[in-house]
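Enquirer: Build me a model from this:
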Amino acid sequence: MLELLNRQFLFVGGKGGVGKTTTAAALALMAVEHQQQCLLVSTDPAHSLGDLFGREIGDREISLLPGLHAVEIDPDLTAERYIESVKSTMRELVRPALYSNIDQQMEISRHAPGTAESAMLDRMTELMTDASNPYDLVIFDTAPTGHTLRLLGLPGIMSSWTDGLLAHQERSDRFTRVAELLGHGSRSGNDLSYLSDSTSPARTRGNKLRKILEGRRMKLDTAGKILRDEERCAFVLVTIPERLAVLESRKTLKSLSEHKMRIGALVINQLLPADLGSEFMESRRKQQLKYIDQIEQDFKSIRRFYLPLQAEDIHGIERLRWIGRHLITPRYAS
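Expert: Have a look, this model is predicted:
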């Protein structure tokens, strides 16, 4: 697992309740112990990083200890900022008479399906493409798998959507040039002519819009390339030896392959110890071993790390470091 800490970005994901946050926090502490500057980012709406460290962590980065910073991204606040940013951009491109229309459309978008995910993608993309990022490693403690996979697929979707807008704008520019040649000036054939008041040349507003769209596409393309670059990014999947968790892990493996991403490591959590002296617990352990056999077969090409079930909840730096020690070298069920 130490080798993965040399990446720039780690995504820790899995089914809800399997120990994603604990694993992400333990990896962050491992990175710090190896003299790395690390940012731990929670994108899961059910934030629990603060509970693990016994600190209140909000939507702004805070220092947990030397070398380790953390932030819990607030999806509602992120969506609100995203909407306001889009609104501000649009106001620069339309005449004042249309401001109320923009406000109305943005209010509708505020509650539209996908807005929060788009906003979260925007925030994550900023973290991944910021050249001034001071961290050696950024670890994303992600939401349950389904949400995360949709999020990882959004760069390609949004990039294609932006390409469509750019093509639309290019057609508009051609109409504008024809109109200018015919002497119509600002009364151009630009089918996006609402994107400015009549005092702004159509070509100027077209250039401005194109610059915005191309800037967004470049960021999305960069994020997509990072996600697929095994030298810069890795996905750590966390699961437990239970039927639903194993099934979801298989689906995740398939989906990540479709996105041209590989699982860098698999963490199997909550493994029951042997010789518990209880018929009930022995039965549970036999059931776990059945699913562990499936895991060993389905994920044999992936490094696997087994974590024993703990008698108490994990919280506090020392307990997280204990988890980290179990993640240094691959371990197998016994």
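Enquirer: Figure out the helix or strand that residue 51 lives in.
Expert: helix 49-53 (DSSP states H and E).
Enquirer: now do residue 208
Expert: If you go by DSSP H and E, residue 208 is part of helix 202-228.
Enquirer: rewinding a little: list the helices and strands the helix holding residue 51 packs on?
Expert: On a contact count with 3 or more CB pairs under 8 Å, 6 or more residues apart in numbering; DSSP states H and E, helix 49-53 meets helix 20-33, strand 68-72. No exception for glycine: its C-beta is placed from N, CA and C like everyone else's.
Enquirer: Now render these as a markdown table, adding distance to residue 142.
Expert: A markdown table is the format used below for these (distance: least, CB to CB, whole Å):
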| stretch | distance to residue 142 |
| --- | --- |
| helix 20-33 | 7 |
| strand 68-72 | 12 |
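Enquirer: Including mean neighbour count, mean pLDDT and distance to residue 48, could the ones you listed go into a markdown table?
Expert: Shown next, in a markdown table, are the helices and strands packed on helix 49-53 (neighbours: other CB atoms under 10 Å; pLDDT from 0 to 100; distance: least, CB to CB, whole Å):
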| stretch | mean neighbour count | mean pLDDT | distance to residue 48 |
| --- | --- | --- | --- |
| helix 20-33 | 26 | 96 | 5 |
| strand 68-72 | 22 | 95 | 9 |
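Enquirer: Tell me which of those sits nearest to residue 217.
Expert: strand 68-72 (26.2 Å; CB to CB).
Enquirer: Measure how the helix or strand following that closest one sits relative to helix 202-228, angle-wise.
Expert: Once the chain leaves strand 68-72, the next helix or strand it forms, by DSSP H and E, is helix 75-91. For helix 75-91 against helix 202-228, the angle by axes from the mean of the first three to the mean of the last three CA atoms, to 10 degrees is 150 degrees.
Enquirer: any low-confidence regions in this structure?
Expert: Low-confidence segments of the chain (pLDDT under 70): 93-95, 113, 144-206, 209, 331-334.
Enquirer: In a strand, residue 274, correct?
Expert: No: counting by DSSP: H, G, I helix; E, B strand; the rest coil, one finds residue 274 to be coil, located in no strand.
Enquirer: Number of residues surrounding it?
Expert: For residue 274, the neighbour count with other CB atoms under 10 Å is 10.
Enquirer: What's the separation between it and residue 64?
Expert: According to CB to CB, to the nearest Å, residue 274 and residue 64 sit 36 Å apart.
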